[in-house]
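Participant: Take this sequence and fold it.
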Amino acid sequence: MISFDAAHAAVHYPPDRRFRLWIRPSFAIAAAVLVLLPVLAAWVEYLFVGLPFIPAIPRIDPHNFAGPHGFPAWVRYCHFFNFLFLTMLIRSGLSLLADHPRLYFNNDCTPGTEWIRLTPIHVPVGRLWTAKDDARYISPMVATPGYRHTVGIARLWHFLDVYGFILTGVFFVGMLFGTGQWRRIVPQSALVPLQAWNTWVHYATFHLPPELNGYYGYNALQQIVYFAFVFVFGPLAILSGIAMSPAAVNRFPWYAKLFGGRQSGRSIHFLTMLGFCAFIVVHATLVAMTGFVPNMNHIVMGTDGPSRLGVILGLIGIGAAVLSWVAAHYVSWFYPRALQRVQKFISYPLLLATLNRLPPSEHYTERDISPLFWPNGKMPDREDWKQLARGGFQEFKLKVGGLVDNPVELSLADIGRLGKAEHISMHHCIQGWTGIAKWGGLPMRAIVDLVRPKPNARVVAFFSFGGSLYGGQYYDTQSIDNVLKAECLLASEMNGKLLTEVYGAPLRLRVENQLGYKMVKWIERIEFIESEKTLGLGEGGKNEDDEYFDLLPNI
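Facilitator: Have a look, this model is predicted:
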């Protein structure tokens with residue numbers, strides 16, 4: 001466990017650590033029906049007809065079996081690494097979920113519309129309740145890195161492991177079809193579903209069916225389940241993850257609609273995780289029940305025999321995976337900056353070449369505007385901002401300077417005279433919630449044209465009147481390329497009205513291809529600089545400095 005100073009303990013280790021799982025009754029009933037219906041049908045068949053006939057399995061050995069069989073080294077290694085990466089994805093995903101412990105099938109994320117909630121708290125009325133307030137503690141024994149508001153580190157692990165998960169899957173599928181092993185898990189007969197049902201009836205009524213030696217083949221139910229997790233659940237987890245990318249969704253709104261919307265994609269992503277958890281539990285149970293020693297020899301040693309070496313080495317492998325969770329915990333808290341930079345080294349060039357090249361192009365209408373937009377961030381407590389607010393920001397002057405030929409100070413009236421644009425977009429918070437709103441303000445392109453940046457000015461820094469989670473002035477940076485993209489605004493209006501104090505008055509940034517923490521609220525001044533490395537700790541923003549967030553969060 002980690003010793004925190006007072007500021008970090010107040011965030012990571014709050015006194016309220018209660019856990020509650022609430023599911024909307026209609027969803028709970030639907031889930032129960034989906035699970036119990038096939039069980040009930042199996043029992044009805046068993047009680048009224050009897051167990052379906054499954055022919056005895058003849059003895060098979062290499063001398064009388066010509067089809068693909070055995071577990072080549074590449075299968076065994078993929079099995080181990082898939083388990084390693086998958087468990088780390090689950091653990092880091094749970095930390096991500098805890099930062100907004102509600103799941104929806106709508107894009108509004110209005111409190112009370114969630115279908116599942118992992119918190120005992122109903123959002124209070126009559127006082128400000130931010131998305132940061134709503135985040136929950138989760139034990140590091142369960143999640144990586146655990147605690148509360150560790151979404152930055154959780155994302156680092158999630159993306160590092162997803163690369164391993166995808167590469168392992170691509171290699172596995174490629175080898176399946178390159179070696180003929182695909183015939184072991186791809187159903188090739190119309191009789192397979194019937195045979196699978198017959199096998200299910202045996203399992204569901206607590207009867208073990210005649211088992212084929214897994215070294216030579218799988219029963220029909222195993223075949224369908226393995227096929228589903230390799231060719232359906234795996235790709236679905238990846239594709240639903242992409243449906244949560246602000247760069248992808250705000251460029252191709254139709255993509256998120258394939259999943260029912262961005263929040264539906266998040267819910268599907270969660271359900272695939274539950275599917276993988278269930279698969280691991282059931283798979284491990286049946287391995288133990290149907291011949292633990294030979295089964296372990298199959299997948300660990302690639303042999304079919306009674307030796308216990310496969311069990312010993314297999315348990316060592318499982319222990320190594322568990323030790324990796326401990327190591328990840330240690331790295332998360334003692335070397336988080338190194339972890340952040342490794343992930344940046346891998347992801348940053350990839351994002352620059354792909355998602356960051358997508359210009360936002362939403363097609364939302366005023367009917368899509370969310371009835372409630374989650375507030376977030378620490379309201380400014382500086383007296384100068386409070387005085388400006390009391391005067392309706394009439395005395396506010398935006399200072400724009402740094403590496404520019406024409407530094408300026410602009411009042412809100414001056415900014416209004418320079419031009420105005422409006423768009424309706426979906427806001428994506430790093431915590432997981434979304435909201436659709438109409439934003440109005442001055443395109444950043446007009447600011448760039450007005451101040452004329454010098455050739456060595458490649459980054460724009462936005463400084464806030466507000467503070468950060470652990471203290472100090474909030475700031476963040478954008479590349480000039482991104483502030484010149486379509487729909488990048490200095491917003492002074494929200495939903496047709498002047499920006500309110502809660503949502504960032506007098507000005508907030510809108511840059512629609514990234515996550516919300518990059519969209520600085522309560523903007524005090526703007527500076528054009530050569531590199532983000534010259535500010536703060538050099539990572540590109542206060543959240544990047546203190547919470548190890550991404551410099552370029554296109555997903």
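Participant: hang on, L315 in a strand?
Facilitator: No. Assignment of L315 by DSSP: H, G, I helix; E, B strand; the rest coil gives helix, placing it outside any strand.
Participant: For the stretch 401-550 of the chain, which segments are assigned as strands?
Facilitator: Ranges of strands in the stretch 401-550 of the chain, per DSSP state E, counting those that start in this stretch, are 408-410, 421-428, 434-443, 459-467, 473-479, 489-494, 497-498, 508-510, 523-529.
Participant: so how many other residues sit close to the closest residue to I415 other than its chain neighbours?
Facilitator: Of all residues not flanking I415 in the chain, L442 sits nearest, at 5.1 Å (C-beta to C-beta, 6 or more residues apart in numbering). Any C-beta I mention is one placed from the backbone N, CA and C, and that applies to glycine too. Residues within reach of L442, counting by other C-beta atoms under 10 Å, total 24.
Participant: end-to-end on stretch 46-66?
Facilitator: Start-to-end span of stretch 46-66 (C-alpha to C-alpha, to the nearest Å) is 35 Å.
Participant: same question, stretch 464-484
Facilitator: 21 Å.
Participant: Of all the residues in the helix or strand of the chain at the bottom of the mean pLDDT ranking, which ones are buried?
Facilitator: Lowest by mean pLDDT, DSSP states H and E among the helices and strands of the chain is helix 6-12, with a mean of 90. For helix 6-12, a neighbour-count test (16 or more other C-beta atoms under 10 Å) marks H8, V11, H12 as buried.
Participant: Tell me how far it lies from the chain's centre.
Facilitator: Its chain's C-alpha centre and that of helix 6-12 lie 24 Å apart, by C-alpha atoms, centre = their mean, to the nearest Å.
Participant: Given the next helix or strand after it, what are its sheet partners and their directions?
Facilitator: Heading C-terminal from helix 6-12, the first helix or strand you meet, by DSSP states H and E, is strand 22-23. Strands that pair with strand 22-23, judged by DSSP bridges, come out as strand 116-117 (antiparallel).
Participant: Relative to G214, how far out is the residue of the chain most remote from its centre?
Facilitator: Relative to the C-alpha centroid of the chain, counting by C-alpha atoms, centre = their mean, H63 is the outermost residue, at 48.9 Å. The gap separating H63 from G214 is 18 Å, by C-beta to C-beta, to the nearest Å.
Participant: Identify each buried residue in stretch 385-402, please.
Facilitator: For stretch 385-402, burial by neighbour count (16+ other C-beta under 10 Å) applies to W385, L388, A389, F393, F396, L398, V400, G402.
Participant: meant to ask about stretch 345-356, not that
Facilitator: Neighbour count says stretch 345-356 has S347, L351, L355, N356 buried, by 16+ other C-beta under 10 Å.
Participant: Among the residues you listed, name the ones in helices.
Facilitator: Counting by DSSP state H, those place S347, L351 in helices.
Participant: before we move on, back to that, ok, the residue nearest to I415 - contacts?
Facilitator: L442 sits next to I415, G416, L418, G419, K420, A421, L489, L490, S492 when contact means C-beta atoms under 8 Å, 6 or more residues apart in numbering.
Participant: Most widely separated two among the buried residues of stretch 385-402?
Facilitator: Using C-beta to C-beta, the buried residues of stretch 385-402 span at most 26.1 Å, a distance reached by A389 and G402.
Participant: F27 is nearest to which of the strands of the stretch 401-550 of the chain?
Facilitator: strand 434-443 (19.7 Å).
Participant: And the average pLDDT for that closest one is what?
Facilitator: Strand 434-443 carries an average pLDDT of 97.
Participant: what pairs with it, and is each one parallel or antiparallel?
Facilitator: strand 421-428 (antiparallel), strand 489-494 (antiparallel).
Participant: What are the contacting residues of the shortest one?
Facilitator: Okay, so that is strand 489-494. 373, 398, 412, 415-416, 421-423, 437-444, 447, 498-500, 503-510, 523.
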